[in-house]
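# this one's structure only:
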Ligand code: G3P
């Protein structure tokens, strides 16, 4: 059946025995654009067996050889940026130029990871016993980092390639095997990306990519006894995965209600530019998007005017035309965003633009005078709609932000570095950006969410370390 993209297992492209497929709806046309295999639990079992076997040999493969293969995969990925980006445009309506950037960034991430891996995994520790009370110098302890085994990677729809390789590359350099479950929307881009690893010549079974419905294979994958580590990025599903997973290391990146705090002395042109970039890039569908602006009343009018002037300049339309604002990923997502907008309207928010929607396409909207009793003050729209809450003093920031369950990042705009540091210290977010919008990159920076926003820390170095365990050998002298 040439219409359905095959899944990847044991170094081969395969059709599922289930005879079923999963449709991928193009957010722009709202029609089925691609189909992928609906893999069965039996097929997942086979993938896991192959992953376990391949990992044993891979762990014995010299580190420099693992790095060499990753560098090769990175180069192939960059060579194939055009067809992969094309899938991103059709599956998730990512603007064409951003889709290309995602693939290039992914190639760079894989190469950086290979370089970082040879450095940090090439080093171990040597300890001697006589530093601890009561011991003579009779014990020499050698420690090194060894792989965990099989890593399960589950990336989200908004970066199906980049947030897949940010899990694949650290897992592989550290000597693990990798099973990828791509998001349904983004699955074909992910399969193309996996093909680049296939072309690079990784051993059979070391990487596999199973597609299918979360309802059929989701829990089966995350609770599979062969899995030794899960790296997940996405929404609330992550919370239920963390409750069901066994005693294995978890890396979770969930949502974020990222606040942008604007003090009186801020450079308002800089703030407005960052609100546009932070709030409306990829139509607000990023966990690091600015999701609420908390601005001091004395500069609020001026800031809102500056942002409004920039919002009208945003282009709205299909991703193929590189519009700034493109259709959101699904109809249900558009309906959810609309629900938040209507709630704010009913409760008296000021609409800086008229609300407009056609299908999944929602025009950018700034909502001023939002109050905490409106859902949009604390829920994540994951769309091009941004609430502004006016505050009278910085003391109001803490009670407002602490009601948010998910805190990924935050940002503060001020020319006073002392104030910025005090606010940064007080914010319970994984990262605070001073005078810039939140962002995950550069990809070697640590990246983490607090509270319901995640578990563990990502970024290339942290991910490599997280996907290893420490092994000691102690030499006992007579
Ligand atoms: O939503 C995914 C998150 O990782 C965002 O990444 O690069 O847009 O800050 P970025």
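Arrived safely, thanks for sending. Since the structure is predicted, the reported quantities are computational estimates derived from the model, not experimental observations.
# hmm, the helix or strand that residue 463 is a member of touching the ligand?
In this structure, residue 463 sits in helix 460-466 according to DSSP states H and E. No - contact between helix 460-466 and the ligand is absent, the nearest approach being 12.4 Å (criterion: CB under 6 Å from any ligand atom). From N, CA and C alone the C-beta is placed, and that goes for glycine too.
# now that helix: how far from the chain's centre is it?
Distance of helix 460-466 from its chain centroid, counting by CA atoms, centre = their mean, to the nearest Å, is 15 Å.
# List the buried residues for it?
460-466 (16 or more other CB atoms under 10 Å).
# Stretch 370-388 too?
370, 374-388.
# do the same with stretch 339-357
Under 16+ other CB under 10 Å, the buried positions of stretch 339-357 are 340-341, 343-344, 349, 352, 355, 357.
# Low-confidence stretches in the stretch 251-400 of the chain?
The model of the stretch 251-400 of the chain has no residue with pLDDT under 70.
# Do a quick rundown of the strands in it.
Taking DSSP state E, counting those that start in this stretch as the criterion, the stretch 251-400 of the chain carries its strands at 258-262, 290-296, 350-351, 357-358, 361-362, 365-368, 385-391.
# what sits up against the fifth one?
Pointing back at strand 361-362 there. Strand 361-362 is contacted by residues 28, 283, 316-317, 325-328, 334, 337-338, 356, 383-385 when judged by CB atoms under 8 Å, 6 or more residues apart in numbering.
# and the helix or strand hosting residue 47, what's its mean pLDDT?
In this structure, residue 47 sits in helix 41-60 according to DSSP H and E. Here helix 41-60 scores 98 as its mean pLDDT.
# from the middle of its chain, how far away would it be?
Distance, centroid of helix 41-60 to centroid of chain: 25 Å (CA atoms, centre = their mean).
# Next: stretch 383-399.
25 Å.
# can you give me the end-to-end distance of that stretch?
Stretch 383-399 has its terminal residues 25 Å apart, counting by CA to CA, to the nearest Å.
# all helices of this structure, in order?
41-60, 63-79, 81-92, 96-120, 162-173, 187-200, 219-222, 237-244, 268-280, 297-311, 331-346, 397-402, 417-426, 460-466 (DSSP state H).
# out of the ones you listed, deepest packed?
helix 162-173 (a mean of 29; mean count of other CB atoms under 10 Å).
# Next, the angle from that helix to helix 81-92.
Note on geometry: by axes from the mean of the first three to the mean of the last three CA atoms, to 10 degrees, helix 162-173 and helix 81-92 are set 120 degrees apart in direction.
# Report all helices and strands that helix 162-173 contacts.
helix 63-79, helix 96-120, strand 150-154, strand 177-180, helix 187-200, strand 229-233, helix 460-466 (3 or more CB pairs under 8 Å, 6 or more residues apart in numbering; DSSP states H and E).
# Give the bridge partners for residue 229, please.
residue 151 (DSSP bridges).
# Return the distance of residue 57 relative to residue 292.
Distance, residue 57 to residue 292, using CB to CB, to the nearest Å: 50 Å.
# Then residue 148?
37 Å.
# Any part of stretch 277-292 near the ligand?
Yes - residues of stretch 277-292 contacting the ligand under CB under 6 Å from any ligand atom: 286-288.
# Ranking by neighbours, what's the top pick from these?
Sorting these by how many neighbours each has (other CB atoms under 10 Å) puts residue 287 first, at 29 neighbours.
# of all the strands of the stretch 251-400 of the chain, which lies closest to residue 407?
strand 258-262 (7.6 Å; CB to CB).
# Please list the residues of this protein that sit near the ligand.
Checking the chain against the ligand by CB under 6 Å from any ligand atom, the hits are 158-159, 286-288, 439-441.
# hmm, try it at 5 Å
286-288, 439-440 (CB under 5 Å from any ligand atom).
# Does residue 144 touch residue 126 like I think?
No - contact between residue 144 and residue 126 fails when scored by CB atoms under 8 Å: they sit 10.2 Å apart.
# Tell me which of these two has more neighbours.
residue 144 (14 against 8).
# Residue 319 reaches residue 91, doesn't it?
No - using CB under 8 Å, residue 319 makes no contact with residue 91, being 10.1 Å away.
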